[in-house]
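[1] quick check, what structure comes out for this input:
(2 chains)
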Amino acid sequence: MITELIHWLFFLLSVLLAPIVILGTIRKTKARLQARRGAPILQAAFDLIRLAQKGETVSSTASWIFRAASTIGLCNVLLISWLVPWLSFAPWAPPADLFLVVYLFAMSRIFTLLAALDTGSAFGAFGASREATLSLLVEPAALLGLVALGATSRTSDLREIFSFTNTHLQMNPAIWLLVGTAIILSSLVELSRMPIDDPTTHLELTMVHEAMILEASGRNLAIIEFTHALRMSVLFGLSVQCFMRAAPAVWKLPEIIQAMITIIGLLTIAMAVGVFESLAVKLQWRRIPEFIAYAITMSLLAALIAVAGGIV
Amino acid sequence: MDPSLLYGNLPIVLGVFLIAFLSTRKRLNQNFLSLILLSLACILIVGSICSGSSAQRWSTELPILSGIFPLTFLSDGLSSLFLLILAVVSVGIALLSPGYLSHRQDRLHAGHYWSATFIFVLSMCAVILSADAITFLVFWELMSITSCVLVATDHHQHSVQKSALIYLGATRIATALLSAGFLWMHAISGSWCFESWHFNAANSYGAAVLILIGFCIKSGIWPFHIWLPYAYPAAPAPVSVLMSGAMINIPLYGIIRILLCGDLNSSEIATFALLLGSISAFWGILFALVQNDIKRLLAYSSVENVGLILMAISLAIKARIANLPDICLMALTAATFHCLNHGVFKALLFSSAGIIDTQAHTRDLRHLGGLVRAMPYTTACFLVGALAACCLPPLNGFASKWLLFQSLFRSIWESHSLLDRGTCIAAICLLSIVSGLTLASFTKVTAVCFLGKSRSNRSENAKECRAGMLAAQIYFATICVVLGVSAPYVTHSLSRVLADTLHLNFSQAPTTAINTPLMALLLCALFSLIYISFSSRSPVRSYSTWDCGFGPLSARSQVTSDSFAQPLARIFSPFLQYQTEIELSGKDRRHFPETINAKTRMVSLLESRVYLPALTIISHLAKMLARFQAGSIHIYLLYVCITLVLLLLLSAKL
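    Numbering: from 1, shown residues only, chains lettered A, B, ... in the order given. Sure thing, here's the model as predicted:
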């Protein structure tokens, strides 16, 4: 009972803090690499609070979908963060079926697309069109990786796949590494980060996510930004969990050390993304499928291991 | 309850209908007729639920056929299930029809419509209930012909004539193949009764393939799907609802009833069906993405869904051959559940499309837009249908798609051969691409049709539809939500009925492990919590959409359905034969073009390269044969003489 309560407490704390700290770490890393001091780590939180208190401007063309969409997206991502084992500790939750999780992501995506198209702006619409294209390409990669893990451990419940008592996958570092890489590569696409999309610019340069949310303001924007950051933490967290399990030694460590490894892993990934974003340039739109092909290759290899070797 | 007693009422309903129809010949009372259809549907619902999974057979000797052949019927769990789907869709038709017909008085003859619809619905019932091949074919033909008549309701238009002809041709070929297959099986088994047909010997595989292809043509599986995007847009809205919601399931029912229940044990045929199913799922949704006519788009999406169902059925056959009853039951539950779900959400989408057609007088996405302000209820219903078609939780499409995913996923480690495992992984991969494409297509149609600014005066002046038509949409939307939320219970009862009917010895009944009621409740609670806590703080200002300071945006500056789909169409351009031509003109046309013309072109390879040449060859052959028909009595007498001599020679030899 007490441990469950502590789990809930830590879980709620991570849902609130992790998105902000990860976002802050990425920005800080980029600033340091540009020889700037950068904003404090928690700047994202201040931004969100300020946005939430501001007034809101809504396009006169927009309908109820425009404002409902952001909330629906947040609900979905909150539900996902509760179900998906992106932290090594988690409170009780119903089985997190991997197909359900993929479709919950799709649910939040369709509402983002509809909201972008609702205002009748060409920016939002083209962003939406590109987002639909990217997600179509990247979804098979993510799903295939998770299916490979699931088929090896003979369950579609993500919590069981990722539980430390699941012996099917304990001595299988290759599959974990491949799936972890596939998830991180596809999440860069999914979250519209470099080299797909530059999250720090506006309009023409930023072709996907920022274009879609151009019309959002005030608390609507705050909800969207938080949703996006939470989605980022869940996806990065999931890949950290994969990488963690690649080391057989981690499996037998006490829970508290695993939790610390998770936190360190999340920060490391955030810093790595920051470094990568400082070094990489944005890819030309037509070359993005090549980038996604890497993620698909990783998943395919994982699936091969699952089909040929994993199931005996 | 004895189902024969219940279904025996159907001719009585027909009689009541005829009396009503004839007595009000001058001025048809639409509401009365729809009430009769409603009661017919209710009889079916009660009948199918009451008879449950108990098998009952009965036969009738029609007076005209007496002494020739008795019609035999069988009612069991499987047929009850498909009758239920038919009845659920018919209720919506009864609600939709009067309003729709009154909008179309000038074009449609209500008398023709109602009489054909009644015969259509009743013949579909009879096809589902029939227990032997002759009964099946009799009512199958009745169903095909009446549906053809219904497609041709608005036969003054040239395009409708063409569509009806294409559809008629497809049904002829389907029936020909089915008859051939049935005759073959009769030759092997010596019986017309489906129960005595077994496809477990190599000599019956040919018949199985013929029957499979016959059913595939009728349900619109790739590469036989080309009649679908012609027939559905040409038909009046209630007819396309009935065809896509109910009729399309009947060939699939036939595959389950004849091939699966007949112990088909050729793994190759099952793999072939799986391949056809996956190709049509992909092909259908890919072509749906680039359509501009709402009904054509929905028709292509039907191709996709039928493909998914065929995938599930063939997976069930494969699992049955490999002796994996759990997966077989799960896949079969997925197939029948998806028949129901697709029936309901496609009926909803087609009725909304029909309503848009009556209110905005166009189905072309290039002229629609901004309907959400004028038609808020239709928008909400269409959105529910679109979300269900994208298989998003917690709506009904998700439950059946999840079962399909799960049955593929489980067969990865349960099946014995490496090839089967690879096939399953490939199928899962393909399904995820299909779901991405579905999402893009339905986002496109919802957004371009209902959101943004209206692109023409026609959609600008649209108004919300009448209560009856609205009721039909709300009815379908409610079923979508209810089926989705109560998915675990529906799955449980479906699988129980199917296991009883097919005598499957499963060890573990398929359940949706996902607690959908809890999930739906949680989502609703979270939504209202966040929405309320964030909605009462600061003021909301209404202002025009960001226009970069160039002055107000017009409807023309919005994305069109073509431009939204363009990046995806470009990726899949080899399949679509998709080409874009951009023409700039003006003095300094490179930097300051005066006019820009963008044209997208798409050819259906299958139609232009396969069907058209085949048709040309056939018509050439027909012309050559026509030379024999010279129209002169002397030559005909010569033919008779030659035939006589030949016959004499033949008999002399024997």
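[2] neighbours around residue A:261, how many?
    For residue A:261, the count of nearby residues is 18 (other CB atoms under 10 Å in any protein chain shown). Any C-beta I mention is one placed from the backbone N, CA and C, and that applies to glycine too.
[3] that one is in what secondary structure piece?
    Using DSSP states H and E, residue A:261 maps to helix A:255-279.
[4] next SSE after that helix?
    Remark: after helix A:255-279, the chain's next helix or strand is helix A:288-304, criterion DSSP H and E.
[5] and residue B:580, what are its phi and psi?
    Reported as degrees, to the nearest 10, the phi and psi values for residue B:580 are phi -120, psi 130.
[6] mind listing the residues bridging to it?
    Beta-bridge partners of residue B:580, counted by DSSP bridges, are residue B:600.
[7] center of chain B - which residue?
    residue B:244 (3.4 Å; CA atoms, centre = their mean).
[8] so how far is the helix holding residue A:261 off the chain centroid?
    On the basis of CA atoms, centre = their mean, to the nearest Å, helix A:255-279 sits 13 Å off its chain's mean C-alpha point.
[9] mind checking how far the residue nearest to the centre of chain B is from chain A?
    To chain A, residue B:244 is 22 Å away according to CB to the nearest CB, to the nearest Å.
[10] ok, that residue - contacts?
    Counting by CB atoms under 8 Å, 6 or more residues apart in numbering or on different chains, residue B:244 touches B:232, B:298-299, B:302, B:343, B:346-347, B:350.
[11] distance check, the residue of the stretch 101-250 of chain B found nearest chain A against residue B:345.
    With CB to the nearest CB, the shortest gap between the stretch 101-250 of chain B and chain A falls at residue B:222, namely 19.8 Å. Per CB to CB, to the nearest Å, residue B:222 is found 21 Å from residue B:345.
[12] ok, these two, which is more surrounded?
    Just comparing residue B:222 and residue B:345: by other CB under 10 Å the higher neighbour count belongs to residue B:345, 30 against 24.
[13] thought that one was touching residue B:388?
    Yes. Counting by CB atoms under 8 Å, residue B:388 is a contact partner of residue B:345 at 4.0 Å.
[14] intersection of neighbour lists for those two?
    B:395-397, B:480.
[15] the residues you listed: which ones sit near chain A?
    Checked against chain A using CB under 8 Å from any CB of the partner chain, the shared contacts of residue B:345 and residue B:388 give no members in range.
[16] what's the farthest-apart pair in these?
    Maximum pairwise distance in the shared contacts of residue B:345 and residue B:388, criterion CB to CB, is 8.0 Å, between B:397 and B:480.
[17] more crowded one of those two?
    residue B:397 (31 against 24).
[18] any idea how far the more buried one is from residue B:388?
    Distance, residue B:397 to residue B:388, by CB to CB: 4 Å.
[19] so residue B:200: helix, strand or coil?
    Secondary structure assignment for residue B:200 (DSSP: H, G, I helix; E, B strand; the rest coil): coil.
[20] that one contacts residue B:265, doesn't it?
    Yes. Using CB under 8 Å, residue B:200 is in contact with residue B:265, at 4.6 Å.
[21] looking at the two, which is more packed in?
    Neighbours per residue, other CB under 10 Å: of residue B:200 and residue B:265, the larger number sits with residue B:265, 18 against 13.
[22] please name the residues that touch that one.
    Residue B:265 makes contact with B:199-200, B:321, according to CB under 8 Å, 6+ apart.
[23] ok, those residues vs residue A:214, which is closest?
    Nearest to residue A:214 among the contacts of residue B:265: residue B:321, at 55.0 Å, using CB to CB.
[24] what distance do you get for that closest one to chain A?
    For residue B:321, the distance to chain A equals 20 Å [CB to the nearest CB].
[25] tell me the pLDDT at the residue in the stretch 501-650 of chain B that chain A sits nearest to?
    Chain A sits closest to residue B:559 of the stretch 501-650 of chain B, with a gap of 3.3 Å, by CB to the nearest CB. As predicted, residue B:559 sits at a pLDDT of 88.
[26] verify the stated contact: it with residue A:130.
    No. Using CB under 8 Å as the test, residue B:559 is too far from residue A:130 to be in contact (11.2 Å).
[27] under the pLDDT cut-off, which ranges of the stretch 51-200 of chain A? List them.
    Nowhere does the stretch 51-200 of chain A drop to pLDDT under 70.
[28] what's the answer for the stretch 451-600 of chain B, then?
    Within the stretch 451-600 of chain B, the ranges that satisfy pLDDT under 70 run B:509-513, B:536-538, B:589.
[29] can you give me the helices in it?
    B:457-460, B:467-485, B:487-502, B:516-535, B:561-571, B:573-576 (DSSP state H, counting those that start in this stretch).
[30] what's the first one in contact with?
    Contacts made with helix B:457-460 from outside it, assessed by CB under 8 Å, 6+ apart, are listed as B:360-362, B:367-371, B:454.
[31] now, the most widely separated pair of the residues you listed?
    Maximum pairwise distance in the contacts of helix B:457-460, criterion CB to CB, is 15.1 Å, between B:361 and B:370.
[32] neighbour-wise, which of those two wins?
    residue B:370 (23 against 15).
[33] for that one, phi and psi?
    phi 70, psi 20.
[34] list the residues that contact it.
    If you count contacts by CB under 8 Å, 6+ apart, residue B:370 has them with A:61, A:120, B:450-455, B:459-460, B:555.
[35] try residue A:113
    A:128, A:131-132, A:212, B:439, B:443, B:447.
[36] tell me the domain boundaries of chain B?
    For chain B, the structural domains run B:1-265, B:267-515, B:606-653, going by automatic domain parsing.
[37] out of these, the one nearest residue A:252 is which?
    That would be domain B:267-515 among the domains of chain B, by CB to CB, at 26.3 Å.
[38] what's the first-to-last distance across the closest one?
    The first residue of domain B:267-515 is 35 Å away from its last residue (CA to CA, to the nearest Å).
[39] number of nearby residues for residue B:629?
    When neighbours are counted by other CB under 10 Å, residue B:629 registers 10.
[40] pull the CA atoms of stretch B:186-193 into CSV?
    C-alpha atoms of stretch B:186-193 as CSV (Å, rounded to 0.1, in the frame of the first residue of the first chain):
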residue,chain,number,x,y,z
HIS,B,186,-22.3,-31.2,-56.7
ALA,B,187,-20.4,-33.5,-59.0
ILE,B,188,-18.1,-34.4,-56.2
SER,B,189,-20.5,-34.7,-53.3
GLY,B,190,-23.7,-35.5,-55.1
SER,B,191,-25.6,-33.1,-53.0
TRP,B,192,-26.6,-29.4,-53.1
CYS,B,193,-26.6,-29.0,-49.4
